[in-house]
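Novice: Test case, fold it:
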Amino acid sequence: MAQYEAVIGLEVHAQLKTKSKLFCSCSTRFGNEPNENVCPVCSGMPGVLPVMNEKVLEYAAKLGLALDCEINRKSVFARKNYFYPDLPKGYQTSQFDLPICEHGKVEIETSKGRKTIGVTRIHMEEDAGKSIHSASENVSFVDLNRACVPLVEIVSEPDMRSAEEAVAYLKSLHSILRYLDICDGNMEQGSFRCDANVSIRPLGQEAFGTRTELKNMNSFRHVQKAIEYEIERQIDLVEDGDAVTQETRLYNADKGTTHPMRGKEEAHDYRYFPCPDLVPLVLDEAWIERWQAELPELPEARRERFLREYALGEDAAVQLTAERETADFFEAAARAGQSKARKIANWVMVDVAHLLNDSGLTLADCSGTPESLAALVDLVEGGTVSAKSAKDILSEVLRHGADPKKLVQEKGLVQESDTGALEGIIDAVIAENPDEAERVRGGDKKVVGFLMGQIMRKTQGKANPGVVSKMLAKKLS
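Specialist: The predicted structure is shown next:
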């Protein structure tokens, strides 16, 4: 059987976090009543003129700078002509020949190592509306709240060779957009979505095969499953002597399959031409210099710094820097606490992450501060409270902003570390369990756990395990 490789390119649409739309002052707020965020401009009424939202220009340029793109000092809006019920003007205002950004890159980590994925272009465009179909009423509705909402489209080079690489690229891009705070990255609401162009070719062949475009993928998992299915589907077609058809296909998440939607359009099908209602955008060098200076420390640079400054492992550094909110929280806690940064990192990655996942909250939803987490970890590391007790009160500390020191005192969770107070209890347990004590003296270390349990029971779990373990070992040596 011939060996094939996949060739994958992604087109990512990211909705920008502006309060108003691209060419009018209507709100971009998600979840409003249908057709509430609509005016004559975004509904395509005759005679209206668009007015450019300057914030969109700034956000698009900042993304280009973050991806090491060339920022075109002159860019032009174009009309992309096609008919669809939720496109009120009969065209989409986008960019074609002269986009704002070109020739960038995104670095990804894969199971085979580091790889650079080229970014062909970034351009600004307006979103279309939304069609709503009611099978029960046998009618369709159009909601124009999303019409004219500002997007950037990030078009990659066809540099990816597996679904794993495609997802790694998406996650890296998603993280960068969130660090820049220009897109909320919500895939379920459609503010971060992608189309995948997938083809196969025999190993060693330079020419590309016929590609299909995949749509309707609203999670990283769906992207991976859809691409994997499509690669296998195309291989099966070729092996059976059939040809791959160039088309747009939809992913069915319930079945894990793709199916045809329509024939794939080419650029000439859209009859692009410069938009006569918008003048070319000419960027001032001072703007670009200011936007460059305003860029935050990006995920890759922060990951490298965390490795150096906090002596974290590679996996920990990657996990902690994936989201800016998490990285900020960890770093503030690490700087506030007396414990080693690795200890605090473990709490953030495991216990805090589990609490947030179980409650459906984010760090922004919590009243607790990084300093309060650091104080709780310090109490554990200092032997004041056991790790188990600390985890039991973590929710109150994090979600409600409770003072960990006061909470430990109020709940009577302070560990007993006084050797004088513990000695009598340990002696009593040894006396009550002479056979087990003798087995420990004979080298049977498995019984130590039983004796420790008896001591903890007598102290109602308040004895410091570390102190007890040392005292018990000394008495039975």
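
Novice: what ranges of the protein fall below the confidence cut-off?
Specialist: 1-2, 263-268, 415-421, 460-461 (pLDDT under 70).

Novice: any idea which helix is longest in it?
Specialist: Longest helix in the chain, counting residues (DSSP state H): helix 220-239.

Novice: Report the inter-axis angle for the very next helix or strand once past that one versus helix 220-239.
Specialist: As assigned by DSSP states H and E, the chain's next helix or strand after helix 220-239 is strand 247-252. Going by axes from the mean of the first three to the mean of the last three Cα atoms, to 10 degrees, strand 247-252 is angled at 130 degrees with respect to helix 220-239.

Novice: and strand 247-252, what other elements does it pack with?
Specialist: Secondary-structure packing of strand 247-252 (3 or more Cβ pairs under 8 Å, 6 or more residues apart in numbering; DSSP states H and E): strand 212-215, helix 220-239, strand 257-263. In this view, the C-beta of every residue, glycine as well, is placed from N, C-alpha and C.

Novice: which one of those is the most hemmed in?
Specialist: Among the helices and strands packed on strand 247-252, the stretch with the highest mean neighbour count (mean count of other Cβ atoms under 10 Å) is strand 212-215, at a mean of 21.

Novice: Name the strands paired with that one and say parallel or antiparallel.
Specialist: Strand pairing for strand 212-215, using DSSP bridges, gives strand 192-202 (antiparallel), strand 247-252 (parallel).

Novice: And those: which comes nearest residue 392?
Specialist: Judged by Cβ to Cβ, the one of the strands paired with strand 212-215 that comes nearest to residue 392 is strand 192-202, at 36.4 Å.

Novice: For that closest one, buried residues please.
Specialist: Neighbour counts over strand 192-202 (16 or more other Cβ atoms under 10 Å) mark 192, 193, 194, 195, 196, 197, 198, 199, 200, 201 as buried.

Novice: Against which helices or strands is the longest helix of the chain packed?
Specialist: In this structure, helix 220-239 packs against strand 4-15, helix 163-180, strand 192-202, strand 212-215, strand 247-252, strand 257-263, with contacts taken as 3+ Cβ pairs under 8 Å, 6+ apart.

Novice: could the ones you listed go into TSV alongside distance to residue 283?
Specialist: Output for those, formatted as TSV (distance: least, Cβ to Cβ, whole Å):
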stretch	distance to residue 283
strand 4-15	20
helix 163-180	18
strand 192-202	26
strand 212-215	32
strand 247-252	34
strand 257-263	37
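
Novice: So which of those is nearest residue 459?
Specialist: Closest to residue 459 of those, according to Cβ to Cβ: helix 163-180, at 46.6 Å.

Novice: and the angle for the biggest strand by length in the chain with strand 4-15?
Specialist: Secondary structure of the chain read by DSSP state E shows that its longest strand is strand 113-126. Strand 113-126 and strand 4-15 are oriented at 40 degrees to each other (the same axes, to 10 degrees).

Novice: Please state the offset of strand 113-126 from the chain centre?
Specialist: 17 Å (Cα atoms, centre = their mean, to the nearest Å).

Novice: What residues of that strand count as buried?
Specialist: So, applying 16+ other Cβ under 10 Å, buried residues of strand 113-126: 115, 117, 119, 120, 121, 122, 123, 124, 125, 126.

Novice: Same question for stretch 377-385.
Specialist: Neighbour-count burial for stretch 377-385 flags 377, 378, 379, 380, 381, 384, 385 (criterion: 16+ other Cβ under 10 Å).

Novice: Residue 379 is in contact with the last one, correct?
Specialist: This means residue 385. Yes. Here residue 385 reaches residue 379: they are 4.7 Å apart, a contact under Cβ atoms under 8 Å.

Novice: any common contacting residues for these two?
Specialist: Here residue 385 and residue 379 share the contacting residues residue 408, scored by Cβ atoms under 8 Å, 6 or more residues apart in numbering.

Novice: before we move on, the earlier item: among the strands paired with strand 212-215, which is nearest residue 93?
Specialist: Set against residue 93 and scored by Cβ to Cβ, the strands paired with strand 212-215 come closest in strand 192-202, at 18.9 Å.

Novice: Can you dump the C-alpha atoms of that closest one in PDB for me?
Specialist: Listed next in PDB are the C-alpha coordinates belonging to strand 192-202 (Å, rounded to 0.1, in the frame of the first residue of the first chain):
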ATOM      1  CA  PHE A 192     -12.700  31.700  17.600                       C
ATOM      2  CA  ARG A 193     -13.500  29.400  14.700                       C
ATOM      3  CA  CYS A 194     -11.500  27.700  11.900                       C
ATOM      4  CA  ASP A 195     -11.900  26.100   8.500                       C
ATOM      5  CA  ALA A 196      -9.400  23.400   7.600                       C
ATOM      6  CA  ASN A 197      -8.100  22.800   4.000                       C
ATOM      7  CA  VAL A 198      -7.100  19.100   3.900                       C
ATOM      8  CA  SER A 199      -5.400  17.100   1.100                       C
ATOM      9  CA  ILE A 200      -3.200  14.100   0.800                       C
ATOM     10  CA  ARG A 201      -0.300  13.200  -1.500                       C
ATOM     11  CA  PRO A 202       2.100  10.300  -1.800                       C
END
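
Novice: Wasn't residue 371 part of a helix?
Specialist: Yes. Applying DSSP: H, G, I helix; E, B strand; the rest coil, one finds residue 371 inside a helix.

Novice: Using the record's domain definitions, break the protein down for me.
Specialist: Annotated domains of the chain cover 4-287, 300-410, 419-475 [automatic domain parsing].

Novice: Residue 293 is nearest to which of these?
Specialist: Smallest distance to residue 293 across the domains of the chain (Cβ to Cβ): 10.0 Å, for domain 4-287.
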